[in-house]
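Novice: build me a model from this:
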Amino acid sequence: FGLSSDRNHLTQTSAKKNEEPTSIITKSQAIDFVEQTSQKLISEEFRNEIFSKVTDENRPDTMLIETQIDMLESFGFDRVKGQQQLNNMTKEFHDDKSFIKVMKDFETLCHATYITILKKTRPEKHLLKKDGGMDDNKILEFFNACVSYMMIPETKQKLAAQFNETNSPPNEMIIEMQREIIECLGYDRDYGVSCLNKIEVDGKPLMLSGMKKFANSAQHACQEAMYGPGYEEKLARRQKIMEECSLMSKSEKESYLKKIASAQLKHQSAMDSLDREGKIRYMEGISDDDKDDMLRISFLVNEMSHNHQHSENCSHGNKGKYSKRNLNKHGQFNDHDHSHDHDHGNCKEHGHSKDEGNKSKAGQKGGHSHGHGHTHDKNCKH
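Specialist: Sure, this is the predicted structure:
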């Protein structure tokens, strides 16, 4: 369904309990539902109507979910089972790319509609709350809103542009977006962070689930900004190639490099004069085999360079003092003087859920990750 409905258990309630067997929703019916509901969601009149009804108790996400449920009922389907069917249809028809696109576009529209309305509800600075705490419902809404914010095209474009400009993970921009959501919910940013740092999840499965979704959405957004859409498949492919290369003997590695050197030099020469965007477009245009070869070359050359450096240091009596090159989970080498059990600069600040004692940790510094999936600055704020 377009938005998460965990917070108020909307999927468990119904104006009328339907005792009759639920009809099976067909693809054409699902598309009709999406098209009609989408027309409603993009209507400025509808968005203004939802905005006008927003209060501390009557939240825009729950109203949008109710709108979808009402539309579903108007099609003659059960509120609960109809949602479940729609949610499962992308799995059932995963091979139908046009249908999957329709459903994904609808999901994105739901997130965008919610964020647009939520931003309009942001109070003036002097009206933001600085006391009174943040109840569980509001914390869950914060998690859901951050998930929605990471899903919309505007956010993805901003994060990608930030990475293209700085060549660094857009962690700080994600943190700023999270702090923006705190204000949209009516809280002073710093005070909201202090409330979030005190979250307890023991015996609260919805809170734990929301926290994990929040952390995963931020990590996903960060990595997609760095690696582009479909990055999971790209990283899995890179990992497989690295493992294949690690099993090659020295003679096999040298033979392989000699065999493909000339072909790869042509690609390298063609990309030398291109900017980052041009290189991305060039890479999209070459065959998968050529992409794999470029990954293998990169890995093997880095490995051979490391071995050569290691040999030189040892020959000069510096054994154990050379700079180690630690391979991180993204297949990149990081130069450090020592090893850690965590990665640096790989978005773990936003996606690494340690869940130590099922309690979020506050007061840690250095930009490392925390149990609730967000970083803190030097003052332990989002």
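Novice: so what's the nearest residue to Met134 once chain neighbours are set aside up against?
Specialist: Leaving aside its chain neighbours, Met134 sits nearest to Cys195 (3.9 Å; criterion: CB to CB, 6 or more residues apart in numbering). For glycine as for every other residue, the C-beta is placed from the backbone atoms N, C-alpha and C. Cys195 makes contact with 133-134, 139, 187, according to CB atoms under 8 Å, 6 or more residues apart in numbering.
Novice: so how do I select the buried members of those residues in PyMOL?
Specialist: The following PyMOL line selects those of those that are buried, judged by 16 or more other CB atoms under 10 Å:
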select buried, resi 134+139+187
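Novice: would you reformat the contacts of Cys195 as a markdown table and include pLDDT?
Specialist: Listed next are the contacts of Cys195 as a markdown table, based on pLDDT from 0 to 100:
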| residue | pLDDT |
| --- | --- |
| Gly133 | 94 |
| Met134 | 95 |
| Ile139 | 96 |
| Tyr187 | 97 |
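Novice: related to what we said a few turns ago, in three-state terms, label the residue nearest to Met134 for me.
Specialist: helix (DSSP: H, G, I helix; E, B strand; the rest coil).
Novice: I'd like the numbering to begin with 528 instead of 1 from here.
Specialist: Done: numbering now begins at 528, and the last item shifts to Cys722.
Novice: quick check, pLDDT for it.
Specialist: Model confidence at Cys722, given as pLDDT, is 95.
Novice: if we can go back for a sec, for the contacts of Cys722, which one is nearest Ile592?
Specialist: Of all those, Ile592 sits closest to Ile666, with 18.1 Å by CB to CB.
Novice: contact partners for the closest one?
Specialist: Residues in contact with Ile666 (CB under 8 Å, 6+ apart) are 722-723, 726, 734, 737.
Novice: out of the residues you listed, which is most surrounded?
Specialist: Within the contacts of Ile666, Gly737 tops the neighbour count with 26 neighbours, counted by other CB atoms under 10 Å.
Novice: pull the CA atoms of stretch 665-672 into PDB?
Specialist: Below are the C-alpha coordinates for stretch 665-672, written out as PDB (Å, rounded to 0.1, in the frame of the first residue of the first chain):
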ATOM      1  CA  LYS A 665       4.800  11.000  17.200                       C
ATOM      2  CA  ILE A 666       8.100   9.100  17.100                       C
ATOM      3  CA  LEU A 667       6.600   6.500  14.800                       C
ATOM      4  CA  GLU A 668       5.300   9.300  12.600                       C
ATOM      5  CA  PHE A 669       8.900  10.700  12.500                       C
ATOM      6  CA  PHE A 670      10.200   7.300  11.300                       C
ATOM      7  CA  ASN A 671       7.500   7.000   8.700                       C
ATOM      8  CA  ALA A 672       8.000  10.600   7.500                       C
END
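Novice: and it, which residues are buried?
Specialist: 665-672.
Novice: so how far is that stretch from its chain's centroid?
Specialist: Relative to its chain's centre, stretch 665-672 lies at 16 Å (CA atoms, centre = their mean, to the nearest Å).
Novice: pull the number of nearby residues for Ala748.
Specialist: Residues lying near Ala748 (other CB under 10 Å) number 26.
Novice: nope, Lys618 is what I was after
Specialist: As a burial measure, Lys618 scores 8 neighbours (other CB under 10 Å).
Novice: run through the neighbouring helices and strands of the helix or strand where it lies.
Specialist: Following DSSP states H and E, one finds Lys618 within helix 606-619. Packing contacts for helix 606-619, counted by 3 or more CB pairs under 8 Å, 6 or more residues apart in numbering; DSSP states H and E, involve helix 554-568, helix 587-601, helix 624-647.
Novice: hmm, try it at 6 Å
Specialist: Contact here means 3 or more CB pairs under 6 Å, 6 or more residues apart in numbering; DSSP states H and E; on that basis helix 606-619 packs against helix 587-601.
Novice: hey, what's the angle from the helix it packs on to helix 624-647? Just curious.
Specialist: Relative orientation of helix 587-601 and helix 624-647, computed by axes from the mean of the first three to the mean of the last three CA atoms, to 10 degrees: 140 degrees.
Novice: buried sites along helix 587-601?
Specialist: Neighbour counts over helix 587-601 (16+ other CB under 10 Å) mark 587-596, 598-600 as buried.
Novice: repeat for stretch 611-618
Specialist: By 16+ other CB under 10 Å, the buried positions in stretch 611-618 come out as 612-613, 616-617.
Novice: can you check stretch 736-752 too?
Specialist: Using 16+ other CB under 10 Å as the test for burial, stretch 736-752 gives 737-752.
Novice: just the CA trace of that stretch, in PDB.
Specialist: Provided in PDB are the C-alpha atoms of stretch 736-752 (Å, rounded to 0.1, in the frame of the first residue of the first chain):
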ATOM      1  CA  SER A 736      10.200  -2.100  13.200                       C
ATOM      2  CA  GLY A 737       9.800   1.700  12.600                       C
ATOM      3  CA  MET A 738      13.400   2.300  13.700                       C
ATOM      4  CA  LYS A 739      14.800  -0.400  11.400                       C
ATOM      5  CA  LYS A 740      12.800   0.900   8.400                       C
ATOM      6  CA  PHE A 741      14.000   4.400   9.200                       C
ATOM      7  CA  ALA A 742      17.700   3.300   9.300                       C
ATOM      8  CA  ASN A 743      17.400   1.200   6.200                       C
ATOM      9  CA  SER A 744      15.700   4.000   4.200                       C
ATOM     10  CA  ALA A 745      18.500   6.400   5.000                       C
ATOM     11  CA  GLN A 746      21.200   3.900   4.100                       C
ATOM     12  CA  HIS A 747      19.500   3.000   0.900                       C
ATOM     13  CA  ALA A 748      19.100   6.700  -0.100                       C
ATOM     14  CA  CYS A 749      22.800   7.300   0.600                       C
ATOM     15  CA  GLN A 750      24.000   4.400  -1.300                       C
ATOM     16  CA  GLU A 751      21.700   5.000  -4.300                       C
ATOM     17  CA  ALA A 752      23.000   8.600  -4.400                       C
END
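Novice: distance from the chain centre to it, please.
Specialist: 4 Å.
Novice: mean confidence score for that stretch?
Specialist: The average of the pLDDT scores along stretch 736-752 is 93.
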